[in-house]
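>>> Using only what follows, build the 3D model:
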Amino acid sequence: MSVHCTVSNCQWWGQGNHCMAEGILITSDTLANRLEDKWDYPHTDQIVQMNKGTTPVNTCMESCCKTFVHQKKG
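Predicted structure coming up:
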């Protein structure tokens, strides 16, 4: 599977706008706003358990990629 991303200041961004992350967590904005940045795809089972299920949304504008990590320069 290929994941495309245009957020070039993310540490997982790769040439040709490809995401190089090992895994990606996408959740609702509502839940993402309650989670610290350190919560990411390795914690998916815990997040689902903590939230008592999945996090449906009605539009793409209500979803959030939790895998973003600001790229460090140098």
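>>> List phi and psi for Gln11.
phi -60, psi -20 (degrees, to the nearest 10).
>>> now swap in Asp45 and tell me
phi -60, psi -40.
>>> Pull out the buried positions in stretch 42-56.
47, 55 (16 or more other Cβ atoms under 10 Å). Any C-beta I mention is one placed from the backbone N, CA and C, and that applies to glycine too.
>>> Adjust the sequence numbering to begin at 10 for everything that follows.
Yep, numbering from 10; the last one is stretch 51-65 now.
>>> what comes into contact with that stretch?
Outside stretch 51-65, the residues that touch it by Cβ atoms under 8 Å, 6 or more residues apart in numbering are 32, 34, 36-37, 39-40, 44, 48.
>>> repeat that for 7 Å
Applying Cβ atoms under 7 Å, 6 or more residues apart in numbering, the contact partners of stretch 51-65 are 34, 36-37, 40, 48.
>>> same question, stretch 30-44
Residues outside stretch 30-44 that contact it (Cβ under 7 Å, 6+ apart) are 12, 21, 49-50, 53, 56, 60, 64, 66, 71-76.
>>> sorry, back to before: I'd like the contacts of stretch 51-65 as CSV, with secondary structure appended.
Listed next are the contacts of stretch 51-65 as CSV, based on DSSP: H, G, I helix; E, B strand; the rest coil:
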residue, secondary structure
Leu34, coil
Thr36, strand
Ser37, strand
Leu40, helix
Trp48, coil
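>>> State the pair within these that is farthest apart.
Greatest spatial distance among those (Cβ to Cβ): Ser37 and Trp48, at 13.2 Å.
>>> what about stretch 64-80, how long is it end to end?
28 Å (Cα to Cα, to the nearest Å).
>>> Repeat that for stretch 39-48.
End-to-end for stretch 39-48, by Cα to Cα: 14 Å.
>>> What ranges does this protein have for its helices?
38-43, 53-59 (DSSP state H).
>>> Out of those, flag the one nearest Ser17.
helix 38-43 (21.1 Å).
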